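> Give me a 3D structure for the following:
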Amino acid sequence: MRALLTPEPTLSFSSIQVNSRNPNPSRTWTSLHFLNSDGRHRLVGRKPRFIATRAVLDSATIEQLGLKESDIRNQSLSSTYRNSKLPKPNQTVLEAQARVCTGPTQTRPLSEEQTFKILTVRGELKNEEQVLKAQLGAFFAGMTIRANAFHEATQWSEGERCAMKKFWPLLVRALPPDVIFIADPEGSIMGLGSAVGPQFVGNGTSEMRLVGALREILAGGHLGYEEIQGILKDVLTLKLEDGKINGVSESLLSAFLIGQRMNRETDRELKAYCLAFDDELGPAPVADVRSLTHYGEPYDGNTRYFRSTLFVAAVRCCYGESSLLHGVEWMPPKGGVTEEQMLKFMGAKTNLSLHQGKELIEAEEVGFAYISKREARPSLYSLIGLREQIKKRPSLATTEKVQQFVRAKGRGSIVAGFYHEGYEEPLLMLMKGRGVHSGLVVKGEEGAFSMTTRLRPESTSKGLPVNHCSGFRSVGMESACEVDGVSRQSFRLEVNAMDYGFEPTDTPRTDRSVSKNIELGLAALRGEKGPAYDRIVLNAGIVDHLLGCDGAEDVSLALERAKEAIDSEWNVNHTWELVRATNVEHESKEDVRESPKGSLSTNNSQFEATPHLLDQFYPLCFDLLR
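Reported below is the predicted structural model:
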């Protein structure tokens with residue numbers, strides 16, 4: 001394989017550093033900054049005229065100007081939030097991984113021509129990246145598992161056999177021992193046996209443990225709970241040391257992560273991934289609130305449609321349903337719009353510690369927090385670079401949605417979005433393991449949590465329809481985590497928005513635009529009727545009802561409550577309490593009130609504030625996170 005005759009590249013994780021935690025962050029005032037149609041600055045008020053986000057380059061403009069998104073640091077686009085210091089995977093090999101590193105029914109075998117192309121990639125063409133060891137590990141793990149354990153239709157094609165047979169003698173001489181082991185662990189796949197695979201044991205205790213587990217995985221087998229947790233804790237957090245990550249080969253670790261997903265994880269394997277780092281920063285803080293909902297959206301974001309959950313959470317906490325959102329700034333494979341990108345674009349603070357998040361949730365007039373995985377699970381966060389190299393979503397893509405970063409003294413709930421068939425019940429199983437009172441999974445658009453008001457197409461694809469919901473809620477007020485075998489009421493339904501009085505509308509497209517997503521969400525929170533408004537109301541009211549929240553026993557009343565939260569006027573005292581919660585750099589709110597005109601800065605711009613604008617300031621416009 002000529003690609004491997006070049007000096008061996010390694011995958012560097014040194015650029016993924018966990019932010020140091022400052023228990024006493026500087027007090028800073030921030031606000032959303034928009035321009036009126038007349039060009040004047042203003043704050044977001046209750047009933048302003050239509051406003052547009054400050055001028056930014058969108059995707060169409062970039063294309064029109066003949067520019068590359070990679071050349072522009074444009075915070076309006078989700079693609080620009082990728083850490084530029086991460087080594088990019090080779091796109092030719094990545095396309096092959098998309099075909100072969102997937103499940104036993106989804107795999108699409110390569111032709112002989114396609115396989116030849118992969119095995120002869122040099123990584124020397126213009127704009128072509130080197131094939132890193134992590135990418136090699138994932139590709140060959142996929143090929144090996146297919147040969148050993150997949151159904152006939154998704155095993156190697158005749159073309160793949162011919163290409164691999166021709167190139168195997170060259171591969172044995174060119175590949176490093178760890179990759180040869182992954183490609184043929186027992187020396188039986190390629191026909192011409194090699195002693196490298198059967199005799200490979202790895203270097204050091206951690207790598208030897210990983211190799212032992214891989215022998216089982218590459219044969220299509222499964223691991224135990226303690227075995228998975230032990231391996232993860234051995235190798236994470238990832239750091240580059242002499243060409244290896246924490247003493248283990250990145251090819252072995254990438255093969256481990258993608259291999260478990262390809263074999264379709266057992267319940268015990270998913271539990272191991274879900275709970276492995278619960279104690280990384282100590283016990284989860286407990287918020288003194290009557291209700292707390294954790295939202296588990298896919299961490300890799302939305303690339304096409306409006307992502308509404310941030311705004312839904314803002315509405316729900318207005319009437320006492322506290323919410324905690326969690327995620328990352330950017331995540332492969334989609335690299336779409338995330339809650340952290342939206343909050344960061346608006347000037348909000350996105351590096352809250354767990355205890356800072358708890359305090360915001362407990363604040364009577366706030367009740368909302370966003371926690372980044374970077375702060376809550378630094379070990380798992382360090383895998384972002386490796387996850388890009390393996391292309392397909394690993395087991396962590398499922399389990400990270402069912403985290404419980406802050407517990408509640410009162411009723412705890414977890415909600416999560418899903419798309420792929422087969423993960424509905426595992427997600428609910430993990431939620432029950434968390435001991436929450438209620439859990440809900442929704443097949444939303446793009447696998448996110450967002451239910452839609454659009455008409456269901458007559459010719460639907462196989463599998464569950466969009467707006468399918470499934471979940472459970474505890475019967476009675478006993479603490480689910482304290483009662484063994486707690487009684488639960490299960491439900492399963494498809495939500496048809498028209499049954500609740502919503503007119504069918506197409507979902508607004510945002511196409512990786514962070515600013516467009518914000519513009520749609522804030523317009524809806526100002527009371528502007530339309531598709532975004534309907535989706536926020538629908539998702540808030542239905543969630544309240546299905547989770548069994550107080551006052552939402554009747555679904556029509558739950559929906560009306562969500563509408564009222566958006567449409568009603570706000571109490572001035574509520575607004576001032578929010579000002580306190582935002583950690584204003586002024587010594588007291590009176591200082592702000594007495595100042596007839598002051599210049600307040602944001603991450604992106606400046607605006608002029610008059611005393612009474614603060615009274616109009618929308619109570620949940622996300623400055624609370626600053």
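> Show me where the stretch 451-600 of the chain has its helices.
With DSSP state H, counting those that start in this stretch applied, the stretch 451-600 of the chain shows helices at 514-525, 531-547, 555-567, 572-581, 589-594, listed in chain order.
> and the ones you listed, which is most packed in?
Across those, the average number of neighbours (mean count of other Cβ atoms under 10 Å) peaks for helix 531-547, which reaches a mean of 25. For glycine as for every other residue, the C-beta is placed from the backbone atoms N, C-alpha and C.
> Next, report how far that one is displaced from the centre of its chain.
The offset between the C-alpha centroid of helix 531-547 and the centroid of the whole chain comes to 21 Å, using Cα atoms, centre = their mean, to the nearest Å.
> what's it packed up against?
helix 309-316, strand 411-417, strand 438-443, strand 468-474, helix 514-525, helix 555-567 (3 or more Cβ pairs under 8 Å, 6 or more residues apart in numbering; DSSP states H and E).
> rerun that using 10 Å as the cut-off
When contacts are defined as 3 or more Cβ pairs under 10 Å, 6 or more residues apart in numbering; DSSP states H and E, helix 531-547 sits against strand 291-296, helix 309-316, strand 411-417, strand 438-443, strand 468-474, strand 488-494, helix 514-525, helix 555-567.
> right, and the ones you listed - which one's nearest residue 327?
Distances from residue 327 to each of the helices and strands packed on helix 531-547 were compared using Cβ to Cβ; the minimum, 8.7 Å, belongs to strand 291-296.
> Okay, now the sheet partners of the closest one, with direction.
Partner strands and pairing direction for strand 291-296 (DSSP bridges) are strand 322-327 (parallel), strand 411-417 (parallel).
> quick one: buried residues of it?
Of the residues in strand 291-296, those with enough neighbours to count as buried (16 or more other Cβ atoms under 10 Å) are 291-296.
> Quick one: those as TSV, columns for pLDDT and distance to residue 432 too.
Putting the buried residues of strand 291-296 into TSV (pLDDT from 0 to 100; distance: Cβ to Cβ, whole Å) gives the following:
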residue	pLDDT	distance to residue 432
291	96	18
292	98	17
293	98	16
294	98	14
295	98	18
296	96	14
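> Could I get those residues in JSON lines, plus columns for distance to residue 203?
As requested, the buried residues of strand 291-296 are arranged in JSON lines below (distance: Cβ to Cβ, whole Å):
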{"residue": "291", "distance to residue 203": "51"}
{"residue": "292", "distance to residue 203": "46"}
{"residue": "293", "distance to residue 203": "46"}
{"residue": "294", "distance to residue 203": "40"}
{"residue": "295", "distance to residue 203": "42"}
{"residue": "296", "distance to residue 203": "37"}
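> my read: residue 170 touches residue 180, true?
No: taking contacts as Cβ atoms under 10 Å, residue 170 lies outside contact range of residue 180: 11.9 Å.
> of the two, who's got more company?
residue 180 (23 against 15; other Cβ atoms under 10 Å).
> can you list the weak-confidence ranges in the stretch 401-550 of the chain?
Counting by pLDDT under 70, the stretch 401-550 of the chain shows low-confidence ranges at 458-461, 476-486.
> got TSV for the helices of the stretch 451-600 of the chain, with distance to residue 223 too?
What follows is these, written out as TSV (distance: least, Cβ to Cβ, whole Å):
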stretch	distance to residue 223
helix 514-525	39
helix 531-547	34
helix 555-567	43
helix 572-581	45
helix 589-594	56
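> Tell me which of those helices approaches residue 423 most closely.
With Cβ to Cβ as the measure, helix 531-547 is the member of the helices of the stretch 451-600 of the chain nearest residue 423 (18.5 Å).
> quick one: that closest one to strand 411-417, angle?
Computed with axes from the mean of the first three to the mean of the last three Cα atoms, to 10 degrees, the direction of helix 531-547 lies at 130 degrees from that of strand 411-417.
> Taking their axis directions, helix 531-547 and strand 438-443 sit at what angle?
Computed by the same axes, to 10 degrees, the angle between helix 531-547 and strand 438-443 is 140 degrees.
> For residue 200, see how far away the residue nearest to residue 521 when sequence neighbours are not counted is.
Once flanking residues are discounted, residue 521 sits nearest to residue 311: 4.1 Å by Cβ to Cβ, 6 or more residues apart in numbering. Relative to residue 200, residue 311 is positioned 52 Å away (Cβ to Cβ, to the nearest Å).
> swap in residue 429?
Distance of residue 429 to residue 200, given as Cβ to Cβ: 35 Å.
> more crowded one of these two?
Applying other Cβ under 10 Å to residue 429 and residue 200 shows that residue 200 carries more neighbours, namely 20 against 15.
> Of the strands paired with strand 291-296, which is nearest residue 520?
strand 322-327 (17.4 Å).
> For the closest one, output the C-alpha coordinates as CSV.
Included here for strand 322-327 are C-alpha records, laid out as CSV according to Å, rounded to 0.1, in the frame of the first residue of the first chain:
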residue,chain,number,x,y,z
SER,A,322,-36.2,24.0,35.0
SER,A,323,-34.0,22.8,32.2
LEU,A,324,-30.4,21.8,31.6
LEU,A,325,-29.0,21.5,28.1
HIS,A,326,-25.6,19.9,27.4
GLY,A,327,-23.4,19.4,24.4
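> Which SSE is immediately downstream of that strand?
If you walk from strand 322-327 toward the C-terminus, the next helix or strand you reach (DSSP states H and E) is helix 339-345.
> Sketch out the low-pLDDT regions of the protein for me.
The chain contains residues with pLDDT under 70 at 1-73, 122-127, 192-193, 240-244, 458-461, 476-486, 569-626.
> what bridges to the nearest residue to residue 507 once chain neighbours are set aside?
In space, residue 507 comes closest to residue 305 once its chain neighbours are excluded; the distance is 4.7 Å by Cβ to Cβ, 6+ apart. Here residue 305 sits in beta bridges with residue 509, as judged by DSSP bridges.
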